[in-house]
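**Student:** sequence? don't have it. structure:
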């Protein structure tokens, strides 16, 4: 199988899964009892959001007159969401494959006193549905869900990626040492540690780290002479940066990636000038973001490293039993060279394939660290949305996580296939 | 009342019937009759004996009449006696075999120190959970599943440090305004509000005050208007030994002072528990700002966590095993569909998916099945049981060829199929809405119940006829011989042979049906109080099953190709027999490991969900919630976070270590 | 030929589809059994020999109805087995598998293993069942006290005896022996073979004996069929086959039997090339790619029919070797 064939196949295989996830979120949303149109506007249902009209014949002149009709939010929602009873039609509407949808609808009063939606020629065509990027409106944040998700997803992702960047070196190196010194004290200890890492509640560990590394009572002040710990206690960046002297503006470029570690390098010089003296270089901004990320990522990383350690150990032990390793030893290569060059290269392969899954685990764990370190990421927003019964936001977050997860796995698989052509042949 | 009586009577009938059969069939007809007559003497004790005696006497009558028609009872009895002995011998031998298996497993298990540590941890936590009531110094006086906040207090406690003796101190609010209103200068020293478990009402106990430590006003000052409070509030003990807080005349007269808080040391009898040495009644793990003893809360928290962990793991295993074995055994389209479904579930990280489920479940007040479904499930189960029984029986009597059907079986096929289809259509589309399932307690009449009984029985009979005829058509059996086989198959004389899962499940199904005949609820309630703890459990079950489904599917696919499965097929074993007797018993090993590890994982996830505020309510004794509640004060009151967290960590660690140890035990490389 | 055969296979085919591609389209078929005509007489032992992968095991499975037939039919006593109820069939036809350990559920006691057929078919229960199982075990030379043991406690030969007992439990008329001795030591092989012969004599059973070992076939069979790539290439009574093999493939097989003798035996015929893939069998005679006497234009075009060269001897070859002659050695 050629590489492009392999990639095409993998991408095509994603489609049914994505459809499945959309069906899942749709059915979960359908399970929520009550009027969807009413729940989408919450306590603002009575607000007049639009003016409809109808024609009526003037009794005296006999001419047609236009009478305006106020349309409340709930009526507007009802029109937008449609009144399809058929579950399949509803689903089609949800994912937005029922064709273009005409926006700016107006109402006409029918003879039986019911409002009937009509549309005018030349109105804007507004498409609604998941595939068009319309994921519903959040009643809690008063914004489209897609926008909310777009804002918060990078926060979680940045945290997860950095956490894996900590977890992988940590897990792999401990795993290698553990395998090399199999059944010795270090091995026993690190195996116990691995189990302990996966057994520790992340949220608890995070609070302990906060106390240890980010407060006066912690160990930092004594050891390193810092005041108030080595790391900031919570937040995504220094509070002074959120309100620069120029007023309530975001100092990061608005069209940035959302990953502040990257964005900090692309801050315009005017913005930099507007910042306080502590943050007059891009490096300072970057450092600030990194320092704020350190503790949450360390927590998450440790939790993920436990599993990796065990996998790496098992994988390396298996490889060390292989003949070619014995051959390499017999050739007279030094022990460390055999392990690092010959064995590890092969033992790492299954670990790398775990990367896709680890991202899922890290995103799940990030829900907890976000809460503790006050990062407005997906987890925190989802929790808030659940507390205010804004299910559509939760489903939006579920969708975006699954997309990220699937794409991550896809990328891992493809890069794996590039490195190791045998995979493609399966 | 009437309905209640009927409902319990149905239980009586059912149980007595079972007893009577077990009792009656093992005896000769004459002895059965005597037993029935003797049990008449016991009727005054309980109604059960009435039913019992009726059943046994009828049974003995049947036996006599059978022997009258030439049925040799003595011969049957002799055969039954041998069979009974044989069955019991087999059971005993089975246990012996299990015992030696266990011994070997324990040997492998104890080789690993970590595994032993793990099992010790698990045992310790389980013991603490079981005996929480006896060990804990403070009783929440409620079922902790019920997350209503009743750890309520009306005074302002302080968080006591671990090991401090501040647990013996209590700060009581004394409202001077109230005293003035009732024109008394004494107020009894009472404990904090407690809840009466029976009436659910609040009450207080008088306490023995030793010494007053501190008195402050609402602003926290210990003196006001030139008065030092400690001089003006004293302890007064009346002739009954009840302690009062006595307010002096001067203080009583100063109208500006409305409330004071009195801190005193008292005889905290609740803290005196059997396992603490005399006069060492300290809060070992401290208290929180609500004055709850942390140690007790953690003990009760163990109950919640273990309950959640085991329930969720058990349910996910069951669900996953059912789905996975269907997927693996049938393969093809079913397999494809289920695997795509698991793909979808795997595409969303577990905790996020669980949150999505919780989000939806928040809107659902209770978990219930519509009664129609609740009745249909046991019905369908019974019908299929009947079918497999018929299947088993008729196989011995089948003819070589199916095309030489006689006209009777042809007729029966047609009638049976028709009645089966008609029955289903009839029940679903025309009659279900009219069945009085929806009636309230007042509305249900005897007619309704009769109607319901009639419907359930007719569905069963129609279904049974349908299944019977379909089976016979497939096998080409002579209906007469099939019925003969059915009658002869029931080994009336060997009740031991019915000690199977199948019988137990059938009995359960019958029991559910009888119960639901007399239920006035509109639906079959699975969880009445579907609170947030239940919601996270359901969410975790729904997110957890795909892993097991895949695991079991893999196992089934692997074992299905083994020779002994083909050997079983070659002797004519049915699919269900192959599944339950051959495949699943050989597939449980990795399942057990996953199950153990999953208990730990679930405890962790549930605590996480509670921590972020989706699980247990505030101040409830749930470990995750306790960490979350104590987080605000973690800088100084470090124990509020540390101990519950350690409890989670140790419990999870225990299960993980245990799982690892079990993995070694079930690893085929470690077996012979 | 006065008596009708017990089992008759008519143009029996079993093709396994090879699936490939995204939509699992069927690309081609593995022709495991490809047009077999064979009949088994009541009371005889028919040996089926061939190299591994020639389809003999599949033939056995199809014969018993354990895998569905692609084309053709198997008739038992004149009745198509597909018309027969599964459980009837099981009571008439039984099988003993090659791997005695693997064919027994490791979690079942001997009692359950041997008794399972009886329980499934509702033939016996309780104390009576234990008695029957005891008799069955004794009939295969095992003590009935072993009933409570588990398969892993037995040696290979004992396991195979248990497997025979299980096959006998339903009192079948026919037993398929699928390489029952290949997993056993030579000394144990002989014991099991003798046991099988004794049982056959006692109960008047019919055997089909599938094996790759010509020695065993020679020992036990009345007639022998030689299989190559899903087809029967030669069918004869045992003596006829071993004395006067007609098909070049049979010659090659027979010459491969290791013999301990002082005098020089015939030179061994070493077949050139590999067995062709059953997914893509060669045209004409399937053996022509390896046949030392194949003639171009005949063997690679025309499929030879199974035709008789004497009363009890059938061969599917265009140029059968004359009796008494040996195969011309090419290179």
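**Tutor:** That came in fine, so what should we check first? Small disclaimer: the values here were computed from a predicted structure and weren't measured. Numbers count the residues shown, from 1 in each chain, chains lettered A, B, ... in the order given.

**Student:** element containing residue C:124, please.
**Tutor:** Assigned by DSSP states H and E, residue C:124 belongs to no helix or strand.

**Student:** from what I can see it touches residue C:118, true?
**Tutor:** Yes. With contacts counted by C-beta atoms under 8 Å, residue C:124 reaches residue C:118, the gap being 4.7 Å. Bear in mind the C-beta positions are built from the backbone N, C-alpha and C, glycine included.

**Student:** quick one: which of these two has more around it?
**Tutor:** More neighbours surround residue C:118 than the other of residue C:124 and residue C:118, with 22 against 18 (other C-beta atoms under 10 Å in any protein chain shown).

**Student:** and that one, which of the three is it?
**Tutor:** With DSSP: H, G, I helix; E, B strand; the rest coil as the basis, residue C:118 sits in helix.

**Student:** Show me the helices in the stretch 51-200 of chain B, by range?
**Tutor:** B:73-109, B:113-130, B:132-135, B:176-182 (DSSP state H, counting those that start in this stretch).

**Student:** what's the most buried one of these?
**Tutor:** helix B:113-130 (a mean of 17; mean count of other C-beta atoms under 10 Å in any protein chain shown).

**Student:** Show me what counts as buried in stretch A:321-332.
**Tutor:** By neighbour count with 16 or more other C-beta atoms under 10 Å in any protein chain shown, stretch A:321-332 contains the buried residues A:325, A:328-329.

**Student:** swap that for stretch C:176-184, please
**Tutor:** Buried residues in stretch C:176-184, counted by 16+ other C-beta under 10 Å: C:176-181, C:183-184.

**Student:** Reformat the residues you listed as CSV; add distance to residue A:348.
**Tutor:** Below are the buried residues of stretch C:176-184 laid out as CSV (distance: C-beta to C-beta, whole Å):
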residue, distance to residue A:348
C:176, 50
C:177, 51
C:178, 45
C:179, 44
C:180, 48
C:181, 48
C:183, 41
C:184, 46
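
**Student:** ok, the residues you listed vs chain B, which is closest?
**Tutor:** Using C-beta to the nearest C-beta, residue C:176 is the member of those that sits closest to chain B, with 8.9 Å.

**Student:** Thought residue C:205 was touching the closest one, still the case?
**Tutor:** No. Contact criterion C-beta under 8 Å: residue C:176 and residue C:205 do not qualify, at 10.9 Å.

**Student:** now residue B:605, nearest residue through space, not along the chain?
**Tutor:** Using C-beta to C-beta, 6 or more residues apart in numbering or on different chains and skipping the chain neighbours, the partner closest in space to residue B:605 is residue B:540 (5.9 Å).

**Student:** give me the element that neighbour is part of.
**Tutor:** Assigned by DSSP H and E, residue B:540 belongs to helix B:532-560.

**Student:** Quick one: list the elements packing against the lengthiest helix in chain A.
**Tutor:** Assignment by DSSP state H gives helix A:282-320 as the longest helix of chain A. Under the contact criterion of 3 or more C-beta pairs under 8 Å, 6 or more residues apart in numbering or on different chains; DSSP states H and E, helix A:282-320 touches helix A:145-180, helix A:185-199, helix A:202-213, helix A:260-263, helix A:344-353, helix A:355-373.

**Student:** Looking at those helices, which one is packed in the most?
**Tutor:** Per residue and on average, the most neighbours among these fall to helix A:355-373, with a mean of 25 (mean count of other C-beta under 10 Å).

**Student:** So for residue C:124 and residue C:118, which residues contact both of them?
**Tutor:** residue C:132 (C-beta atoms under 8 Å, 6 or more residues apart in numbering or on different chains).

**Student:** can you list the residues of the stretch 51-200 of chain B near chain C?
**Tutor:** Neighbours of chain C within the stretch 51-200 of chain B, by C-beta under 8 Å from any C-beta of the partner chain: B:79, B:82-83, B:85-87, B:90, B:93, B:97.

**Student:** Which residues lie in contact with the residue nearest to residue B:605 in this structure?
**Tutor:** B:308, B:312, B:316, B:354, B:602, B:605-606, B:609.

**Student:** Which residue ranges of the stretch 551-672 of chain B form helices?
**Tutor:** Remark: helices assigned in the stretch 551-672 of chain B by DSSP H, counting those that start in this stretch are B:563-570, B:575-577, B:584-611, B:623-630, B:639-666.

**Student:** Quick check, pLDDT for whatever residue of the stretch 1-150 of chain A ends up closest to chain B.
**Tutor:** Using C-beta to the nearest C-beta, residue A:20 is the residue of the stretch 1-150 of chain A that sits closest to chain B, at 3.4 Å. Looking at residue A:20, its pLDDT reads 91.

**Student:** right, and the helix or strand after the helix or strand hosting residue C:168?
**Tutor:** Element membership for residue C:168, per DSSP H and E: helix C:156-169. Sequence-wise, the next helix or strand downstream of helix C:156-169 (DSSP H and E) is strand C:174-178.

**Student:** and the helix or strand following that following strand, what other elements does it pack with?
**Tutor:** Later in the chain than strand C:174-178, the nearest helix or strand by DSSP H and E is helix C:186-203. If you count contacts as 3+ C-beta pairs under 8 Å, 6+ apart, helix C:186-203 packs onto helix C:156-169, helix C:214-220.

**Student:** Okay, now the unreliable bits of the stretch 201-350 of chain B?
**Tutor:** B:201, B:268-283, B:290-291 (pLDDT under 70).

**Student:** Strands along that one, start to end?
**Tutor:** Assigned by DSSP state E, counting those that start in this stretch, the strands in the stretch 201-350 of chain B fall at B:202-203, B:209-217, B:223-224, B:227-228, B:233-237, B:243-247, B:259-266.

**Student:** Make a markdown table from the ones you listed and add distance to chain C and mean neighbour count to it.
**Tutor:** Output for the strands of the stretch 201-350 of chain B, formatted as a markdown table (distance: least, C-beta to the nearest C-beta, whole Å; neighbours: other C-beta atoms under 10 Å in any protein chain shown):
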| stretch | distance to chain C | mean neighbour count |
| --- | --- | --- |
| strand B:202-203 | 58 | 12 |
| strand B:209-217 | 67 | 16 |
| strand B:223-224 | 81 | 16 |
| strand B:227-228 | 82 | 12 |
| strand B:233-237 | 73 | 15 |
| strand B:243-247 | 69 | 20 |
| strand B:259-266 | 63 | 19 |
